[in-house]
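> Sharing a model that was predicted from the sequence below.
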Amino acid sequence: MGTGDAAELIPTVGNDGSDAPGYMVVGFEVVPCSYQHSGDTLKKLNAYEKYPSPINCDPGTVAMAIKENEPVAFSYEVSFVERDDIKWPSRWDAYLKMEGAKVHWFSILNSLMVITFLAGIVLVIFLRTVRRDLARYEELDKEAQAQMNEELSGWKLVVGDIFRAPSNPSLLCVMVGDGVQILGMAVVTILFAALGFMSPASRGTLISGMLFFYMVLGIAAGYVAVRMWRTIYVGDHKGWMSVSWKAACFFPGISFFIFTILNFLLWHSNSTGAIPFSIFVVLILLWFCISVPLTLVGGYFGARAPHIEYPVRTNQIPREIPPQKYPSWLLVLGAGTLPFGTLFIELFFIMSSIWMGRVYYVFGFLFVVMILLVVVCAEVSLVLTYMHLCVEDWKWWWKSFFASGSVAIYIFLYSVNYLIFDLKSLSGPVSATLYLGYSLFMVLAVMLATGTVGFLSSFWFVHYLFSSVKLD
């Protein structure tokens, strides 16, 4: 089945009284079958000449016995059927009819249950634990507070180390900036698609829209990366140009490297799916002539914006982290299962649309699932950060990022499972390498976007928590 978007009209024949200027093809149906043609008859026919005898096409006949070196003739027959009940604006309805709506609703219901569970935990943390501890702490006088500080346990003990600069702060700022850019691109693109601005009749609109929004949001990437850099270094604006350059080249550079290797594989295998060299030149020009300058502009505004002031001072000597009963990386990896549970059903439809040629146009459901994913990532990272602070582990920066960003690991494992059990038609190492390469690109983008959500929510939580503590 398919739809036509030809601009040329098929003129009316034998209907001179009709006011219609012509006909437009709004759909076509292909019925393949095997038929044994007569070689002598074909030799007497000219091109586009009608076959002399009628062909009885049996769709159930898919195989035909032929001898070695026997020529095989291909023929086709076209029948035009006029349909007065199909209007031109509604020609896509047959293909955009949403099937399996109950499955999408089940996915949303599943996500809401996870959100409700995590929201309950967050509510308990805020109302029972944090509020109660803060109230007790503020009711004491200075002498009692000094005595209480000696007996404190949990998150209140790391007050002098909570905002100590993390390892590789430049890389963290760059990844957060790129994550804001990717997340903003995804939200805006899916929102426009859900509102119907990106019709499937305009091929390539979705990809073009994603590239456009990604380049424009380079301003946000530079601004967030540089301002976070200045916040970590307590207002020092030195090095903001370097951070902006890294934010402009980190994710696009990795993506360009992956696509270049995959394209070389396609060129080597003489595939028609290889991207022409001219397209590569256009992408490089878009990158360095539009995206990079906009990111630098965003970094400039981030350098001029006031940094976020810490509510507490940082001690000169870092506090020793007590030995943990369980390794912290185990909690970080396990935290990714909850965000993955909110999107794995929708992920199946997206993978089927990309790799199996199925039409995906339920962007309304996808937008709702994305909003729920953002909420789950924020709650998961917030809860995990609080758990680390309670065991006096003040190194929360990277852990809050990967607590929600670890969902990318499960997405990649799901992609491998999809390759093994659902894409059995892929043959050869080149096809498998292409699939894994594109999956790696998708996983990297998801990790940056979800990790950014987790980090920013944890940063807000930690800042709010320790700004409520009165310390001398």
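Alright, I've got the coordinates.

> quick one: low-confidence ranges for the stretch 351-472 of the chain?
The model of the stretch 351-472 of the chain has pLDDT under 70 over residues 357-359, 427, 469-472.

> if we go to 50?
Low-confidence segments of the stretch 351-472 of the chain (pLDDT under 50): 472.

> mind listing the strands in it by residue range?
Using DSSP state E, counting those that start in this stretch, the stretch 351-472 of the chain contains no strands.

> Between the two ends of stretch 306-325, how far is it?
In stretch 306-325, first residue to last residue: 40 Å (C-alpha to C-alpha, to the nearest Å).

> from the chain's centre, how far out does it sit?
33 Å (C-alpha atoms, centre = their mean, to the nearest Å).

> what does stretch 411-425 give?
The answer for stretch 411-425 is 18 Å, by C-alpha atoms, centre = their mean.

> do the same with stretch 327-342
That offset, for stretch 327-342, works out to 18 Å (C-alpha atoms, centre = their mean).

> swap in stretch 253-261?
17 Å.

> ok, and for stretch 368-379, which residues are buried?
For stretch 368-379, burial by neighbour count (16 or more other C-beta atoms under 10 Å) applies to 368-370, 372-379. To be clear about C-beta, it is placed using only N, CA and C from the backbone, and glycine gets the same treatment.

> what does stretch 337-353 give?
So, applying 16+ other C-beta under 10 Å, buried residues of stretch 337-353: 338-347, 349, 351-352.

> Likewise for stretch 227-245?
227-232, 237, 240, 243-245.

> export these to CSV and tack on distance to Ile279, secondary structure and pLDDT?
What follows is these, written out as CSV (distance: C-beta to C-beta, whole Å; DSSP: H, G, I helix; E, B strand; the rest coil; pLDDT from 0 to 100):
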residue, distance to Ile279, secondary structure, pLDDT
Arg227, 35, helix, 93
Met228, 34, helix, 93
Trp229, 34, helix, 93
Arg230, 38, helix, 92
Thr231, 39, helix, 92
Ile232, 39, helix, 90
His237, 38, coil, 70
Trp240, 33, helix, 89
Val243, 30, helix, 93
Ser244, 27, helix, 94
Trp245, 25, helix, 95
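
> hmm, which two among the residues you listed are most spread apart?
Thr231 and Trp245 (19.2 Å; C-beta to C-beta).

> In helices only, show me the buried residues of stretch 337-353.
338-347, 349, 351-352 (DSSP state H).

> who are the neighbours in contact with the closest residue to Ala303 other than its chain neighbours?
Among residues not flanking Ala303 along the chain, Trp240 sits closest, at 4.1 Å (C-beta to C-beta, 6 or more residues apart in numbering). Taking C-beta atoms under 8 Å, 6 or more residues apart in numbering, we find Trp240 in contact with 226, 229-230, 299-300, 302-303.

> Where does Val297 sit, in terms of helix or strand?
helix 292-304 (DSSP states H and E).
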